[in-house]
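J.: Fold the following, please.
(chains A, B, C and D, ligands or ions: 4)
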Amino acid sequence: MSDSTTTEAPAQPPAPDADGGEAPKPSFVRTFGRYLTEANSVMVTIYSLVLAFLIGAILLIVSDEYTRSTFTYFFARPQDAWYASRDLIAESYTALFEGAILNFNTLESYQAGQADFGNLLRPLSETLTYATPLIFTGLAVGLAFRAGLFNIGAQGQLIFGMMGALIVGFSLDLPIWLHLPLAVIAGAVAGGLFGAVPGVLKASTGAHEVISSIMLNNIAALFLVWALGTTFLHSETKSDLVSKSVDESAVLPTLLSSLNPSLRVNLALVIGIAAAVFTWWLLSKSTFGFRIRAVGFNEHAAQTAGMRIGSTYTTTMAAAGALAGLGGAALALGVSSGGITTNTALDYGFSGITVALLGRANPGGIVASALLFGALKAGALSAQPDVPVDISTLLQATIVLFIAAPALVKAILHLRTPRGGLVTLEAKGW
Amino acid sequence: ACGEAPSDSNGGDNADASFSACMVTDSGGIDDKSFNESAWAGMEAAQSENDDIEVSYKESSNTDDYDPNLQASVDDGCDFIVGVGGLMAANVTTAALANTGVGFAIVDGSPSDASGAPVETENVYSIQFDTAQSAFLAGYVAASQTQTGTVATWGGMQIPPVTIFMDGFAEGIAKHNEDKGTDVQLLGWDEAAQTGTFLNSFEDAAAGKSTSDTFISQGADILFPVAGPAGIGALTAAEEAGDAVNAIWVDTDGFESTDYGSKLITSAEKGLANAVRDAVLAAYDGDAGNGTYVGTLANEGVSIAPFHDFDAAVSDETKAELDALQAAIIDGSLVVESPASPVAP
Amino acid sequence: MAVDTAPAPAPALADDRAPARHLKAGITYAVLGLLLVVVALTLLGGHTTTIAVDKTLTDATWAVPTLAVVLGLGAVCALAGAWMIAGLPQRRFRTASAVAVTAFVLALLFWAYSQEGTVFRAESILAGALFLSMPYIFGALSGVVCERSGVINIGIEGQFLMGAFTGVLVANITGSIYAGLAGAMIAGSLSTMLLALLATKYQVNQVVVGVILNLLALGFTSFMYDQLKKAEGFNDAFSVPVISWGPLADIPVIGPVLFQQKLFVYVGLVMVAVVWFLLYRTRWGLRTRAVGEHPAAADSMGVNVNRLRYWNVVAAGLLAGFGGAWFTLGNSLAFNKNMTAGLGFVALAVMIVGRWNPLGVLAGALIFGFTTQIARDLSAAGSSVPGEFLQMLPYAVTLVVVAGLIGKAKAPAADGVPYNPGDK
Amino acid sequence: MRLELKGLTKKFGSFTADDDIDLVVEPGQIHAILGENGAGKSTLMNMLYGILTPTSGEILIDGEPVSFSGPGDAIAAGIGMVHQHFKLVGPFSVADNVQLGREHTRGAGVLSAGAARKAVLDVSEQYGLRLDPDAICEDLPVGVQQRVEIVKALSGPETQLLILDEPTAVLTPAEITELLQIMRNLAAAGTSILFISHKLKEVQAVADKITVIRRGKVVAELAPTASESEMASAMVGRAVSLQVDKTPAAPGEPRLEVEDLTVVSDAGVKVLDGLSLTVRSGEIVGLAGVEGNGQTELARAILGLVRPDAGRIAVDGRDAHGRSPARRIADGLGYIPEDRGRDGLVAEFSVAENLVLNQYKDAPFSKGGVVDAAAVRKRAVDSIAEFDIRTQSPEESASSLSGGNQQKVIIAREFSRPRRFLVAAQPTRGVDVGATEFIHSRLVAERDTGTGVLLISSELDEIYALADRIAVIYNGRIVGEVGPDTPREVIGRLMVGASATPATPTDEDANGGDR
Ligand SMILES: Nc1ncnc2c1ncn2[C@@H]1O[C@H](COP(=O)(O)OP(=O)(O)OP(=O)(O)O)[C@@H](O)[C@H]1O
Ligand SMILES: Nc1ncnc2c1ncn2[C@@H]1O[C@H](COP(=O)(O)OP(=O)(O)OP(=O)(O)O)[C@@H](O)[C@H]1O
Ligand SMILES: [Mg+2]
Ligand SMILES: [Mg+2]
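T.: Ligands and ions are numbered 1, 2, ... in the order given. So this is what the prediction gives:
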């Protein structure tokens, strides 16, 4: 998927017009220029970022009191406004970039021998850490999409996965090679069982999976609040509404903490990528995937060919739930192994919808767009308060908007239609 | 990796300030009309009091964000870092142990390890409040002011910083019933069973209003919402219900901080902003502190706000009784206990 | 060509309807009914359920023996189940299900209100329930108008936020609550305009746009909230007055519920009727439904599919924006970040529960409002059921209703499918 | 109206669907367009009706060049069209479908149901097209839906040019006769008509002029006196045999036994009402009947998609009760569904995937739950060669194929595995003469290998051409079983429920509570 190129754009937006004087290979320049002005998926992604960051720049200027004030006397001394805006924007975006990819200060210290290599990796580690749950929820939504189901319930599935993994994580006393896999599996099973409910309801009564999923999300969130208050789950030592912490033997090992203890990225990322590969394999190579896709595209033809629709719905939703449940396990046994709270799940399930759609319900695309979201989140977190959190939210929304709407980018920038036509997310009804 | 030069990458307002105080919020952000907001108010107060202090904050959306935010604050070269919320205690402790050159403070919590066990540190100042004491007085006032004999409280979520208010409130009412032979009922919180009415949200003011309407229809004429911004719903419910229904606010003096002063009999205050301000100023003076501050009636860290518009309505007799109760609490002859009370230092 | 020239009447199918059996549903209802009977006999002896009319006749209360009522309702539920098992005319199935579900839910209510200290304050509870169902009505009606013309609107939550924010802002600036309401509608409409444009002109996946719009609205309103917080007088609470219909408001039960409510309730109920009428009785409605069901058919008859969709979606935004104002102006509240608390998604569910029909939406919204109100009332009265489970009530009841009663809800066939003129 | 097309061209990307087409339709002329599936006929008509914009060329009406931005303009210019793919809003009533776009209102946009109903009745009265204005379209048999389409086209304000794109594909013989008569009447009154059909007899019977299109180009202009085989070879570009060669059947043991089958629809209507039928090995039984008399439900019940409320089905001597569709397919039940777009193909799947849609779990296409792509591809390559499926590659999506080729994919899928009994529902609907010839000969070859075949067709020609025995279905029952040489009149009468045959024990409106 082309989306993998996305993360490097913020630093220097490529100038669309390379009007260099000398042209040693005119044909190449022309081809390249043509490529740049064409609405192919790579360029659309790049331009989406550029456009979103332009809009973000305007918001930044508006929100910054000092810079805004320089505009009040713009006609008297325009350079003030210019310099203030330029500095503000450069600083803000550098801050985002530094939080998501590479911190230039750290780089300097590293080159000066003052910081270790691990320090340098921290922004990337954060990006990967935040991307991990999104890979799972994105896959959960994406897989269901392929069967024609709109799994808006990844949030609830993730919550149940979290609880399942947590319970096995603190209540059993086993060696790590047994405990950890069991806890991870418990997350998948809990999420899978919870995810199967809308599937079963749809198969048996026709109840729309969107309604049941929305209801179950709310039920799951409330159930978590209640469960955290019970003596079984509630921390024995802390009075806040936080769960027991999982045993050492069930904590997902970090991958890079030997380089630097603050590198939080853990085994869940590997599991996530494995899950993506597995989902890809499942969809494109297995008979189960064949059936899912057939049912998703045309349930009537699938049924006529002898496939059972109801059981496909149920199993697909269960599989999707298991994926989201793994995401929950990744949280409960990973970054939140010290105990989960009522908002550990954040909105990972809902973001999974955007991740899945942006990744065109394709495992590869889902991983790529989860990385984009992870980078935005990590960048936003570290760039505050220079970049207010709400601006980061807006920035995220605009980036996704443009990427999802190549036709819009094409229209705004007057790009050419590429040979194969525009690649738009395929639309599907309820 | 300690002792890095302060980076000058953030060109803030006090660009030439030499002391940087940073705050890491709990979820909710700095405008949660609750402890994050109060703590930030304290930070800003410190900055306006001393030009040489520059303050900044980082918001956490959940517990997973604490570590990176604390780490980023250290990396940004902060000299003093305030973590808000007991949930962050272990994270602040870990960061403090790793960065002994930086001062830390933890609001509503004390240094502890991941399992919650206390930890010895040299650079963590713990700021806690025994708000049961101020809520106790508020409960006593409520019991003295109710016409219907029924008052109500409800919370945002069943967590210690909330239930401690409700416990104190319940005990204040019980005290009034005992001393004055009244039979004032408290709806919404059963102190013995530790069960009650919670929205499970600090934001949903509309739900707060409808919950309050329900209490009013069940006869309550004084409402005590402990729910940050969602608590505003109780005030609008009281306003719509007319003169008969009033409320008592928490955390700050609601007469100043909300638009519903005329409906507020008093407030059970928690002097968070002052405590944070003092901590930052002390840290600037090189006295970052390593101990526990517990705000009480005695040190005026918690208090009951003035009656403002209700000054005439509250009888002198009641005022005298309140003074006596306050004195009794301060001298220890009256103990207000809540399971959520901070452990005495 | 040797062809039979005898008239070929449209084949009339035999119209003898066989009694249909619904084993699964029947057994479920029978078991639930019997369960109620057992519960009544074992737990409810001597209990009473108190019902009060609390606003018009403040001292009128009735104590009903819980045992007898629950026993009776349990029997009704079980009998409905038995009827289904024995076989019943197909067209009676819905009625029988409705009777069974209603009896079951009523029995639960009587049971719940038989606890010590609980009183069913009929007027407060019903009036509150009606008021609480309003955001769902507006949100779901907005969804209906969009989706009936084939555009999925998953961004109701965002439109709520925009309406809630702008309503208060405009009311503050102009000092008029009615200007605020208008502002809320326009704000809602502006945000759906983006959906309309992207869905029709740029053919973007509508679910994505909806999700993005929610995010944009959240970011935008939060951002503006911070900006405006710096100044005074942009975000003060305004309240919509209660409209009392004189003597009508004094009728017991009906009065406080229907004739002494805020503007939102009247507008909401009227809009249900209006949207229903527009949808099923006017040219616009016919075309709208055609465009949502089979755009190519509408196109081939000269209906400009994308233009109609565009304006419908824009108009739907007015409704959702008005519903957004409920959160602030309707509840006399100032704006607060993310104050809509996910109710936009519930409105989406209400729309589906209501089968994309305004009357169904009304029913779905009322179920939601009523159960929410009951949950709050029971919690306030000190029910022994944990508050979280009470709060689950509306969601659980919706699940039960959808699975047990509504069954398969069929979306408009072209819902969510962009229309390219020239496609087959 | 005089219509003239000059150099009309339509390109879809790099593919040219219509290439430089010149055509003239004189006022009052019935102008037939012939062509293979995918020749570009519908595309041409869609340009005329404003649905598609021509890539180049011009359309002249009465000498004036026109350009339509949408069907609205075409309607305003006096053009009406009956589309090949129904453009009916399923949940709408007939009246609503007819009034859509030109509603009858009582002012202020409020619909007048009465006026709409009356308008439908008026038009159907005038042309003898009986319709119930209040019937819901999706509940109507396709034949009736087609009538609704025709009424829609005729209800235009001043229709002077009527485009009929395969209007007869789903009509009964009697209805076809009627429609042809209506066309003649309209033409006589001055309306120009463009008529597309794959049924050459009709074209012969009604056309004033015939234009043949192949691969987007006009390849011939024929007079109505041209013979069927002349037309066929002009279309296909080679000689086509219109006669099916077959030897007398040699029926063996029963392969399908249906006894007293009753199916009650969700709406509570008995769609099959005690139907009994036996098909033996080595014979083709043709099931004739007006569509909507239970054929669909019978086929679905045989496959196991519909649960019988009473009665028994046995396939290949085995009671089918409790056997899932997958099981029945595995046991050798072949099934060609009547609605290929809905039930036959997954349009987004590749041709190769569609060719194994009901066999993907069997060896050699998968092992241990993993699909063997090479085996699937090999099957596709073989099938494409054997069944002459016109596709660019096995990986091409099925939706890119023309209707005839899509049908061949289904035929290939069913004929490439061992089977004992075959249900073929409307196997050549909308398929051109070349492909029809091919499918017919495959069906006969199939019979000759000993398979039992149930041929469900609403086209009597097809039934006559293939069936060894004819059963007539009416109102969910078999109302007569006759030999292949029974006169059309007799069958036609049975099809509409008139008791023409002495041996039928049915009296049409007996709705007993028999069970
Ligand atoms: N020998 C048998 N006799 C009778 N029924 C059988 C037999 N073998 C399988 N079935 C039934 O046939 C159906 C299809 O079997 P299969 O193993 O293909 O099921 P599946 O993989 O679960 O379903 P699907 O066909 O939807 O992929 C099942 O309902 C099974 O119970
Ligand atoms: N929107 C489109 N995009 C791309 N190709 C198209 C489109 N519409 C039609 N085609 C192609 O154009 C060719 C002509 O199609 P058309 O529907 O006009 O055939 P036809 O002559 O009507 O065939 P039939 O007899 O099957 O109805 C076919 O190959 C078809 O696949
Ligand atoms: Mg065609
Ligand atoms: Mg075609």
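J.: burial of the residue lying closest to D:N405 once chain neighbours are set aside, as a residue count?
T.: In space, and not counting its chain neighbours, D:N405 is closest to D:R390: 5.0 Å by CB to CB, 6 or more residues apart in numbering or on different chains. C-betas here are computed from N, CA, C, even on glycine. Residues within reach of D:R390, counting by other CB atoms under 10 Å in any protein chain shown, total 14.
J.: same deal with A:D386?
T.: The number of residues packed near A:D386 is 21, by other CB under 10 Å.
J.: before we move on, what about C:D377?
T.: Neighbours around C:D377, by other CB under 10 Å: 28.
J.: which ones are touching the residue nearest to D:N405?
T.: When contacts are counted by CB atoms under 8 Å, 6 or more residues apart in numbering or on different chains, D:R390 touches D:38, D:401-402, D:405.
J.: Looking at those, spot the one nearest chain B.
T.: D:L401 (51.1 Å; CB to the nearest CB).
J.: Backbone dihedrals for that closest one, please?
T.: phi -90, psi 150 (degrees, to the nearest 10).
J.: what's near enough to touch it?
T.: D:351, D:389-391, D:409.
J.: if we can go back for a sec, for the contacts of D:R390, which single residue is the most surrounded?
T.: Counting neighbours by other CB under 10 Å, D:L401 leads the contacts of D:R390 with 23 neighbours.
J.: Next, count neighbours for the nearest residue to D:S458 once chain neighbours are set aside.
T.: Spatial nearest neighbour of D:S458, excluding adjacent residues (CB to CB, 6+ apart): D:E291 at 5.1 Å. Neighbour count of D:E291, defined by other CB under 10 Å: 24.
J.: Now do C:A140 against C:G360, distance only.
T.: 9 Å (CB to CB, to the nearest Å).
J.: isn't D:I213 right up against D:L34?
T.: Yes. D:I213 is in contact with D:L34 according to CB atoms under 8 Å; the separation is 7.1 Å.
J.: quick one on the thing from earlier: reformat the contacts of D:R390 into TSV and put distance to A:N119 and secondary structure next to each item.
T.: Formatted as TSV, the contacts of D:R390 follow (distance: CB to CB, whole Å; DSSP: H, G, I helix; E, B strand; the rest coil):
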residue	distance to A:N119	secondary structure
D:G38	65	coil
D:L401	59	coil
D:S402	63	coil
D:N405	63	helix
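J.: Run through the residues you listed and flag the ones next to ligand 2.
T.: Residues of the contacts of D:R390 in contact with ligand 2 (CB under 6 Å from any ligand atom): D:38, D:402.
J.: And the contacts of D:R390, which is closest to A:Q155?
T.: Taking CB to CB as the measure, A:Q155 lies nearest D:L401 of those, at 41.4 Å.
J.: any idea of the pLDDT on that closest one?
T.: As predicted, D:L401 sits at a pLDDT of 85.
J.: Please report how far it lies from chain C.
T.: Using CB to the nearest CB, to the nearest Å, we find D:L401 at a distance of 13 Å from chain C.
J.: which neighbours do C:A140 and C:G360 share?
T.: What both C:A140 and C:G360 touch, as defined by CB under 8 Å, 6+ apart, is the set C:G354.
J.: Give me the more crowded residue out of these two.
T.: Comparing C:A140 with C:G360 by other CB under 10 Å, the one with more neighbours is C:A140, at 35 against 21.
J.: which element is the more buried one on?
T.: Per DSSP states H and E, C:A140 falls inside helix C:134-148.
J.: Wait, C:V305 touches C:E293, no?
T.: No. Shown here, C:V305 and C:E293 do not form a contact pair, counting by CB under 8 Å, at 11.3 Å.
J.: what is in contact with these two at once?
T.: Counting by CB under 8 Å, 6+ apart, the common neighbours of C:V305 and C:E293 are C:G150.
J.: Among the two, which residue is more densely surrounded?
T.: Under the neighbour definition other CB under 10 Å, C:V305 and C:E293 were set side by side, and C:V305 has more, 26 against 23.
J.: OK, contacts around the more buried one?
T.: C:150, C:291, C:295, C:298-299, C:419, C:421 are the contacts of C:V305 under CB under 8 Å, 6+ apart.
J.: Quick check: residues of chain A near ligand 3?
T.: By CB under 5 Å from the ion, no part of chain A sits against ligand 3.
J.: Could you break chain A into its assigned domains?
T.: Listed domain ranges for chain A are A:31-100+A:383-430, A:134-374 (source: automatic domain parsing).
J.: mean confidence for the first one?
T.: It refers to domain A:31-100+A:383-430. Mean predicted confidence for domain A:31-100+A:383-430 is 80.
J.: Now the residue in the stretch 1-150 of chain B that ligand 2 sits nearest to: closest residue in space that isn't a chain neighbour?
T.: Per CB to the nearest ligand atom, B:S61 is where the stretch 1-150 of chain B lies closest to ligand 2, at 46.9 Å. Nearest residue to B:S61 in three dimensions, chain neighbours excluded: B:S27, at 5.6 Å (CB to CB, 6+ apart).
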